[in-house]
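J.: could you look at this predicted model? Sequence included:
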Amino acid sequence: MKAYRRVQIITGGYLAVYLAALYLSTGVHTGFKLDSDQLIGYVTCGILAGLLGVSAVVKTGLQRKICALLLLLCCGTLLLFARYSVISFNEAFWYFIGVVYLLPVVILVDVVEFMFAGARESTDEQG
């Protein structure tokens, strides 16, 4: 699988896990709670979903690199929100804590691999 598609798939998985963590951390039978404690998380998840949609239709290599960096930035933002308690979670968040902290690192590695894959291919063609 190409590195760009891997970035998209893992980012989509991260989005789904983060939305599940937001939804389940609102309490029993509460559903989506759109107060000031969690609204910023839902808005950032919406931006990430929009970026995923845009990243699926871009064609050129430069646009893909920009989209990969924006996806990484948005996932990093969600990670920082969870790390520094910008979004309030309850004890249900602990079910997702490993994945919420691990997947952005995996996305970072894949984005770096994607960025340098083009440079590696061009040096192979020259040598």
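T.: Sure thing, it's come through.

J.: how many other residues sit next to residue 83?
T.: 10 (other Cβ atoms under 10 Å). (Each C-beta comes from the backbone N, C-alpha and C, glycine too.)

J.: and what about residue 33, helix, strand or coil?
T.: Assigned with DSSP: H, G, I helix; E, B strand; the rest coil, residue 33 falls in the coil class.

J.: and the worst-scoring helix or strand of the chain on mean pLDDT, what does it pack onto?
T.: Lowest on mean pLDDT, DSSP states H and E among the helices and strands of the chain sits helix 97-126, with a mean of 83. When contacts are defined as 3 or more Cβ pairs under 8 Å, 6 or more residues apart in numbering; DSSP states H and E, helix 97-126 packs onto helix 3-24, helix 61-83.

J.: what lies in contact with the shortest one?
T.: Applying Cβ atoms under 8 Å, 6 or more residues apart in numbering, the contact partners of helix 3-24 are 1, 31-32, 38, 41-42, 45, 48-49, 52, 55-56, 64, 68, 71-72, 75, 78, 82, 87, 89, 92-93, 95-96, 99-100, 103-104, 106-107, 110-111, 113-114, 117.

J.: one more: stretch 51-59?
T.: Residues contacting stretch 51-59 (Cβ under 8 Å, 6+ apart): 8, 11, 12, 15, 64, 67, 68, 70, 71, 74.

J.: what comes up buried for that stretch?
T.: In terms of neighbour count (16 or more other Cβ atoms under 10 Å), stretch 51-59 has its buried residues at 51, 52, 55.

J.: distance of the spatially most central residue of the chain from residue 10?
T.: In the chain, the residue lying closest to the centroid (Cα atoms, centre = their mean) is residue 75, at 3.4 Å. With distances taken as Cβ to Cβ, to the nearest Å, residue 75 is found 9 Å from residue 10.

J.: between these two, what contacts are shared?
T.: 103, 107.

J.: so which helix or strand takes in residue 87?
T.: Counting by DSSP states H and E, there is no helix or strand that carries residue 87.

J.: what helix or strand is the residue nearest to it when sequence neighbours are not counted located in?
T.: Nearest non-adjacent residue to residue 87, counting by Cβ to Cβ, 6 or more residues apart in numbering: residue 41, 4.3 Å away. Using DSSP H and E, residue 41 maps to helix 39-57.
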